[in-house]
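In: structure, please.
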Amino acid sequence: MSVRDDFSRGEAAAGLTWLSIGALISLALEVVYVGGGVGRVLMPVAALLFNAVLTKTAKLWTDSFWVALIPLGVWVLGFFVAMLFVPVFGFAPVPADAMALILLFAGIAGGVWPIFQTK
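Out: The predicted structure is shown next:
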């Protein structure tokens, strides 16, 4: 089975949009569950693996290094919005502890890993 490469620019944009939406949904789940229990261990691992899948899938839609990182950029931007701006409204979804940093670094590591992976 071969990879389809005869898609239009619009299809690629739609694919990257859906990957970015998936990044935000995964971030929402990760920050909610990273606060306690088994989520403290599993959510950084989930962020690492899921962001790797998102970037690897984005690489199927483009040959550009930077465009393939769009879902990761959306994830990181969403992380900082949740950490810095959402608490203004009285709700802090990202815990103010070391787990937030571990989650951030795990998510970034997972997102950049497929870029540097050789075929």
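In: does residue 48 touch residue 108 like I think?
Out: No - counting by CB atoms under 8 Å, residue 48 stays clear of residue 108, with 9.0 Å between them. Backbone N, C-alpha and C define where each C-beta goes, glycine included.
In: count of residues packed around residue 15?
Out: When counting by other CB atoms under 10 Å, one arrives at 16 neighbours for residue 15.
In: and the gap between it and residue 101?
Out: Per CB to CB, to the nearest Å, residue 15 is found 31 Å from residue 101.
In: swap in residue 26?
Out: According to CB to CB, residue 26 and residue 101 sit 18 Å apart.
In: Three-state assignment for residue 6, please.
Out: The three-state label given to residue 6 by DSSP: H, G, I helix; E, B strand; the rest coil is coil.
In: tell me the confidence at it?
Out: Looking at residue 6, its pLDDT stands at 78.
In: which phi and psi does it have?
Out: Backbone torsions of residue 6, given as degrees, to the nearest 10, read phi -110, psi 40.
In: please apply the same query to residue 64.
Out: When read as degrees, to the nearest 10, the backbone of residue 64 gives phi -80, psi 130.
In: count the residues that sit near it.
Out: The number of residues packed near residue 64 is 11, by other CB under 10 Å.
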